[in-house]
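Student: just coords:
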Ligand SMILES: Cc1cc2nc3c(=O)[nH]c(=O)nc-3n(C[C@H](O)[C@H](O)[C@H](O)COP(=O)(O)OP(=O)(O)OC[C@H]3O[C@@H](n4cnc5c(N)ncnc54)[C@H](O)[C@@H]3O)c2cc1C
């Protein structure tokens, strides 16, 4: 039985593994997709100490660092189930194989919702972005669209409008769901134009995005010329596994964690985009920070002897 199983192969998981290895804890790090969401970040401009780095290169360096420790076993597989057993937890993989660990860190990330438009997949990273906070900087003086009507879209439009020459905020309804504060912020800017009660039908381009085709004419035309499009239609945290084993989720369906990254189940922790931590600010820096905290909490938990305690009538007693 390993000391800890870290589920995920993204920024939070690799960081947690670096810390657990240095705490001399036997560590299984297991995930379906190596590098996680970081693989889709074309250019990262806010990883401290590295002003310009490609997401896949950064993730490769994370992996190399985490797997340089003898204490770390790295495995690529989908985990289908996590269940409590005596003295720890059992993980069941898609293949039917199993592994056991005294503690678990869920670092399963989240999935950006896509629109499924023609051209969307083809131009991802070539003008199609799912993260305004991350990529706005690359559109200085350019014309872009932001699609969506919630907080991330409207806040995203406000961020992009600080650098882009022109921003079209395209929303399928006639009013925004976002916080009025952010709607006011974008309203104040004379370089933001609303395209309401309309949808993008297709993303057009050659090597990169050059335009979008709308469902209904806007200013007399179905075609809107642009250099980039930010799709900000929401994020779904990957909480199926923790939810299945009884971990509490918050009202937004993120894995509920305390300041120490612990969940409501003793010995189970969370880190990164999947959690309610870091004020939902889903970034490499925050995912890494949560991974480090979760690893530290696993170490304290194993040291404290809490592993040998169980709930009994609302009290914790020795097993
Ligand atoms: C286009 C784009 C650009 C971005 N650019 C930036 C940027 O410039 N700067 C910045 O700070 N942030 C950026 N981000 C955000 C950043 O990528 C994320 O915040 C960060 O990667 C989250 O890391 P994570 O480890 O929490 O989750 P993820 O990287 O999503 O990792 C989750 C891992 O869990 C695995 N997993 C999930 N379910 C299972 C399962 N059942 N079994 C096994 N494995 C499972 C996945 O396969 C994956 O390996 C960007 C995001 C996007 C989409």
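Tutor: Arrived safely. Keep in mind it's a predicted model, so treat the numbers as computed, not measured.

Student: only C-alpha atoms for contact and neighbour calcs from this point on.
Tutor: Fine.

Student: need the pLDDT of residue 307.
Tutor: On pLDDT, residue 307 comes in at 64.

Student: would you map out the domains in the protein?
Tutor: 2-112+235-318, 128-231 (automatic domain parsing).

Student: redo the ones you listed as TSV? Include mean neighbour count and distance to residue 122.
Tutor: Formatted as TSV, the domains of the chain follow (neighbours: other Cα atoms under 10 Å; distance: least, Cα to Cα, whole Å):
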stretch	mean neighbour count	distance to residue 122
domain 2-112+235-318	19	13
domain 128-231	19	9
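
Student: and these: which comes nearest residue 121?
Tutor: The closest of those to residue 121 is domain 128-231. By Cα to Cα, the value is 8.3 Å.

Student: is the ligand contacted by that closest one?
Tutor: Yes - counting by Cα under 6 Å from any ligand atom, the ligand is contacted by domain 128-231 at 129, 130, 131, 134.

Student: tell me the SS of the closest residue to residue 223 other than its chain neighbours?
Tutor: Excluding its sequence neighbours, the residue lying closest to residue 223 (Cα to Cα, 6 or more residues apart in numbering) is residue 213, at 4.7 Å. Under DSSP: H, G, I helix; E, B strand; the rest coil, the three-state class of residue 213 is strand.

Student: is the helix or strand residue 17 falls within positioned near the ligand?
Tutor: Using DSSP states H and E, residue 17 sits within helix 11-22. Yes - Helix 11-22 is in contact with the ligand by Cα under 6 Å from any ligand atom, via 11, 12, 13.

Student: what pLDDT does the residue nearest to the last one when sequence neighbours are not counted get?
Tutor: What that stands for is residue 13. Residue nearest to residue 13 in three dimensions, not counting chain neighbours: residue 107, with 5.4 Å by Cα to Cα, 6+ apart. For residue 107, the pLDDT comes out at 98.

Student: quick one: the strands in the stretch 201-319 of the chain, in order.
Tutor: Taking DSSP state E, counting those that start in this stretch as the test, the strands found in the stretch 201-319 of the chain are 209-218, 221-225, 228-231, 235-237, 268-270, 309-312, 315-318.

Student: which residues sit against the helix holding residue 17?
Tutor: 4, 6-7, 26-27, 29, 35-36, 38, 59, 62-63, 65-66, 69-72, 107, 271-272, 284, 287-296, 298-299 (Cα atoms under 8 Å, 6 or more residues apart in numbering).

Student: just those that are near the ligand?
Tutor: 7, 35, 36, 38, 107, 272, 284, 287.
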